[in-house]
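**Student:** need a structure here:
(chains A and B)
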Protein chains: 2
Amino acid sequence: MAEAIDFYFDFSSPYGYFATARIDEIGRKHGVPVNWRPILLGAVFKITGAGPQPTLPLKGDYFIHDVPRSARLVGLPFRLPAQFPFGTVTACRAYYFIAQTDPEGAVRLARALYDHAFGKGRDICPVEAVVGVAAELGFDADKIQSGIQAHETKELVKAEVDAAIRREVFGSPFFYVGDEPFWGHDRLDQVDLWLEKGGW
Amino acid sequence: MAEAIDFYFDFSSPYGYFATARIDEIGRKHGVPVNWRPILLGAVFKITGAGPQPTLPLKGDYFIHDVPRSARLVGLPFRLPAQFPFGTVTACRAYYFIAQTDPEGAVRLARALYDHAFGKGRDICPVEAVVGVAAELGFDADKIQSGIQAHETKELVKAEVDAAIRREVFGSPFFYVGDEPFWGHDRLDQVDLWLEKGGW
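**Tutor:** A predicted model of the protein is given here:
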């Protein structure tokens, strides 16, 4: 029996956003906690030599076509932000700053940031945008603002991203069911099945 | 209603092999023909800058883990050939040489080559290996051998690969349901659903 699902994602990844529609439900169904772990794909791409899908030859057009098609199938509102891909380091820092004392609040923030970015197509790159989304959820704006800029928060994010890379997380979303890795939103059915059958 | 499924694959792609377990059944279920279209991913990778998955940083280990896991789920025999990835231009030429006069025979050859390579883990790179597999199916060995080397066959393969690239086929397997593109073995359920619902 897996002790947890680790759910890795980048806030700039629409497929990560799509995974949020089911991941917690899958955890509940099997009685395992889901650890939301935002990462920075930019750091991963430096190692893999890959890049954001819309910028890749041949793959770019498919991505632009597949993303809204996947959104319709998943049933989530979808609007691609004008600036895409976008920087997510601030969103990531806000998440981990909050998660230190309020893990559930951090997940609420993650959902709200994803909804802001891909549900409404708004920019979540600037500090003020992330703080604004947090404030709407009732977080203290000043506290979040200084938390985002704190040295310890930056170190925390770096440690999380480094740990993800050591675990060979190379895309978003990426799941570990215990020690079993699954890459891609397409694999949620397999995550579910793995938990149901205890592997195959 | 889509008129056909175009099924693009490289003979060196285990995920293409896995797709062969269901693709014809999906076509039959919806009453549409399935056009098997082997391609040469090497030509595609020259454009995308990607490479065979086992050779990529971080991704390589996942691939080595995921491929046998996917085989078990699909229920196909699986054995990774000692030489992998391997050249598939000869297999591709044999396929299209036969397909000119015997499309169903060409599909039988494709299945046999895939079974040879990934079911049994044998080498299908050399001409004699491809000719041997064809001969086992009852094809005339001399005819296949000269067909593989004929200038017109080489041109035919080149034209097919160029046409696939113009259609922005960048991976294996890759499916078109009419004009609708789907990338990856993971997407077979969506291919099925697209035909069932006529899109979404």
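**Student:** what is the subsequent helix or strand relative to the lowest-mean-pLDDT helix or strand in chain A?
**Tutor:** For chain A, counting by mean pLDDT, DSSP states H and E, helix A:41-48 ranks last in confidence among helices and strands (a mean of 83). Per DSSP states H and E, the first helix or strand lying C-terminal to helix A:41-48 is helix A:59-74.
**Student:** and A:Phe7, backbone torsions?
**Tutor:** phi -110, psi 100 (degrees, to the nearest 10).
**Student:** what bridges to it?
**Tutor:** Per DSSP bridges, the residues bridged to A:Phe7 are A:Trp36, A:Phe175.
**Student:** same for the least confident helix or strand of chain A, what does it pack against?
**Tutor:** Counting contacts by 3 or more Cβ pairs under 8 Å, 6 or more residues apart in numbering or on different chains; DSSP states H and E, helix A:41-48 packs against helix A:151-166. For every residue, glycine as well, the C-beta is placed using N, CA and C.
**Student:** now the angle from the helix it packs on to helix A:41-48?
**Tutor:** Here the directions of helix A:151-166 and helix A:41-48 differ by 40 degrees (axes from the mean of the first three to the mean of the last three Cα atoms, to 10 degrees).
**Student:** and helix A:151-166, what's buried?
**Tutor:** A:153-154, A:156-157, A:160-161, A:164-165 (16 or more other Cβ atoms under 10 Å in any protein chain shown).
**Student:** do the same with stretch A:74-90
**Tutor:** For stretch A:74-90, by 16+ other Cβ under 10 Å, it's A:74, A:76, A:78, A:81, A:84-90.
**Student:** can you narrow those to ones near chain B?
**Tutor:** Checking the buried residues of stretch A:74-90 against chain B by Cβ under 8 Å from any Cβ of the partner chain, not one of them is in range.
**Student:** dump those residues to TSV, plus pLDDT and secondary structure.
**Tutor:** Compiled in TSV, the buried residues of stretch A:74-90 are given as follows (pLDDT from 0 to 100; DSSP: H, G, I helix; E, B strand; the rest coil):
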residue	pLDDT	secondary structure
A:Val74	96	helix
A:Leu76	97	coil
A:Phe78	97	coil
A:Pro81	96	coil
A:Phe84	92	coil
A:Pro85	90	coil
A:Phe86	94	coil
A:Gly87	95	coil
A:Thr88	97	coil
A:Val89	97	helix
A:Thr90	98	helix
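**Student:** chain B: which of these is nearest?
**Tutor:** Of all the buried residues of stretch A:74-90, A:Val74 has the smallest distance to chain B: 10.6 Å, by Cβ to the nearest Cβ.
**Student:** residues in contact with the closest one?
**Tutor:** A:18, A:21-22 (Cβ atoms under 8 Å, 6 or more residues apart in numbering or on different chains).
**Student:** hang on, the earlier thing: list just the nearest of the buried residues of helix A:151-166 to chain B.
**Tutor:** A:Ile165 (7.4 Å).
**Student:** need the nearest residue in space to that closest one, chain neighbours excluded.
**Tutor:** Among residues not flanking A:Ile165 along the chain, A:Val44 sits closest, at 6.2 Å (Cβ to Cβ, 6 or more residues apart in numbering or on different chains).
**Student:** and A:His30, by the same measure?
**Tutor:** A:Leu195 (4.0 Å).
**Student:** from chain B, how far out is the one you found?
**Tutor:** Per Cβ to the nearest Cβ, to the nearest Å, A:Leu195 is found 14 Å from chain B.
**Student:** in this structure that residue contacts A:Ile26, no?
**Tutor:** Yes: with contacts counted by Cβ atoms under 8 Å, A:Leu195 reaches A:Ile26, the gap being 7.0 Å.
**Student:** shared neighbours of these two, which are they?
**Tutor:** Both A:Leu195 and A:Ile26 are contacted by A:Ile5, under the criterion Cβ under 8 Å, 6+ apart.
**Student:** returning to that earlier point: Throw the contacts of A:Val74 into TSV and include distance to chain B, neighbour count and secondary structure, thanks.
**Tutor:** Shown next, in TSV, are these (distance: Cβ to the nearest Cβ, whole Å; neighbours: other Cβ atoms under 10 Å in any protein chain shown; DSSP: H, G, I helix; E, B strand; the rest coil):
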residue	distance to chain B	neighbour count	secondary structure
A:Phe18	13	25	helix
A:Ala21	15	14	coil
A:Arg22	15	16	coil
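**Student:** hmm, back to that, okay if I get the buried residues of helix A:151-166 as TSV plus pLDDT?
**Tutor:** Converted to TSV, the buried residues of helix A:151-166 look like this (pLDDT from 0 to 100):
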residue	pLDDT
A:Thr153	98
A:Lys154	97
A:Leu156	97
A:Val157	97
A:Glu160	97
A:Val161	96
A:Ala164	96
A:Ile165	94
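**Student:** ok, those vs A:Tyr176, which is closest?
**Tutor:** A:Ala164 (9.8 Å; Cβ to Cβ).
**Student:** please give me every residue in contact with the closest one.
**Tutor:** Taking Cβ under 8 Å, 6+ apart, one finds A:8, A:37, A:39, A:44, A:174 in contact with A:Ala164.
**Student:** touching, A:Leu80 and A:Ala71? I think so.
**Tutor:** No: contact criterion Cβ under 8 Å: A:Leu80 and A:Ala71 do not qualify, at 9.5 Å.
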